[in-house]
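Asks: Need the 3D shape of this:
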Amino acid sequence: MFNNWAKNIIVFFTTYIIIINLIISGNANERLFDEFFSKKIARVGKVLDKGHIDSAYTPYKVWLEWDKSENRPAQIGVLLYADIVLTSFAKPGKVVYGLSQYTKNPPRVNTVKYKLLETYKGDDDLPQSLTVVRLQRNLRSNVNVNFMQIPSAAPPPEGEICGMLTVGRQFNEFSEVLAVVKPPTACEKSHKLREEDICVGVRDEGRRNYTHCNQFYDGSSLICDDKLICIAAAITPCNEAESRICMSVFHYRDWIKKTIKRIRELDDDEDPLFEETAKGHHFKPLALFYVFIANICLKST
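Replies: All right, here's what the predicted structure looks like:
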């Protein structure tokens, strides 16, 4: 009789745990499984293109997507806050974050949608632009996700060697290319620079087929001494005969801060981490485990 009573207690508490899990767990268990797989993707070994080095700034960077016809990300961006991405140009789409390697089918836990954005183009007809994107949910800071501060000091002088965050030839890995700050004249063969712009080229541009057109990426971030310096402009077609215009984050910082405040005040849909796939209760992996245990207990009574 004692055994039957004990089994009934076990069944009661197991059922109770199942109900509580269904009510409050939300997507915690699915998130646990997806984070496991996303970390496995993030740990995949990288064979970097020649001249590229592995980067310590991967947690700050994201890919932006909006055109499904492409087999590569549309832009690179940098995380400024849990809900804010800075890039060169964007259209409504989604961000892939927290992965060191790009994949066309990333885990749901590593994607977030966005619709709200604002682009600075100045009072001129110059092609270089800077865009603030507001994500539809906040990202959680962890080992694979971090946020870059807006710089409080002016950009480095001409001749400074820095790292440009970019992607490899297959567009699937974040890497870093050595870049050099150049005089404005190196960028003005096709387009004029604004006073807030910087000219940046690859350090080893004398090498054959080694130019900013195939080494930098639209929206790439220039990092000097652990500080965010500028965002590589998305200008098409790319002119290999000159260096890349880069939008100085320091000089545009007032516009960036005002835009962030303004865009956060706008109404926007939320992008939940997971969408329910069926009506009624959505059983989580852990809940299914509880059901399995309860079933064993019931059979033994």
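Asks: Run through the helices of the stretch 151-300 of the chain in chain order.
Replies: Under the criterion DSSP state H, counting those that start in this stretch, the stretch 151-300 of the chain contains helices at 212-215, 253-264, 285-300.
Asks: what mean pLDDT does the first one have?
Replies: The predicted model assigns helix 212-215 a mean pLDDT of 78.
Asks: What's opposite the nearest residue to Ser243 once chain neighbours are set aside in the beta bridge?
Replies: What sits nearest to Ser243 in space, not counting adjacent residues and going by CB to CB, 6 or more residues apart in numbering, is Gly201, at 3.5 Å. Quick note: C-beta positions are derived from backbone N, CA and C, even for glycine. Beta-bridge pairing for Gly201 (DSSP bridges): Val180.
Asks: Is it correct that Gly201 is in contact with Pro183?
Replies: No. With contact defined as CB atoms under 8 Å, Gly201 and Pro183 do not form a contacting pair (10.2 Å).
Asks: between those two, which one's more packed in?
Replies: In this comparison of Gly201 against Pro183, neighbours counted by other CB atoms under 10 Å, the higher total goes to Gly201 at 21 against 11.
Asks: pLDDT wise, what is the more buried one at?
Replies: According to the predicted model, the pLDDT of Gly201 comes to 89.
Asks: who's in contact with it?
Replies: For Gly201, the set of contacting residues under the criterion of CB atoms under 8 Å, 6 or more residues apart in numbering consists of 179-180, 182, 186, 212, 243-244.
Asks: can you tell me which two in those residues are farthest apart?
Replies: Ala179 and Ala186 (12.1 Å; CB to CB).
Asks: neighbour-wise, which of the two wins?
Replies: Here Ala179 and Ala186 are compared on neighbour count by other CB under 10 Å; more neighbours surround Ala179, at 31 against 19.
Asks: Grab the nearest non-local neighbour of the more buried one.
Replies: Ranked by CB to CB, 6+ apart and with sequence neighbours excluded, the top spatial neighbour of Ala179 is Met164, at 4.1 Å.
Asks: before we move on, what about Lys182?
Replies: With sequence-adjacent residues excluded and distances taken as CB to CB, 6+ apart, Lys182 is closest to Cys199, at 4.5 Å.
Asks: cool, Ile76 as well?
Replies: Ranked by CB to CB, 6+ apart and with sequence neighbours excluded, the top spatial neighbour of Ile76 is Gly219, at 4.1 Å.
Asks: That neighbour and Asp124, how far apart?
Replies: With the distance defined as CB to CB, to the nearest Å, Gly219 ends up 21 Å from Asp124.
Asks: More neighbours: which of these two?
Replies: Relative neighbour count places Gly219 above the other of Gly219 and Asp124, with 30 against 9, counting by other CB under 10 Å.
Asks: Could you list the domains of this protein?
Replies: 2-27+279-300, 52-264 (automatic domain parsing).
Asks: Give me the neighbour count for Ala241.
Replies: Taking other CB under 10 Å as the neighbour definition, Ala241 ends up with a count of 9.
Asks: thought it was touching Lys189?
Replies: Yes. Using CB under 8 Å as the test, Ala241 is close enough to Lys189 to be in contact (6.1 Å).
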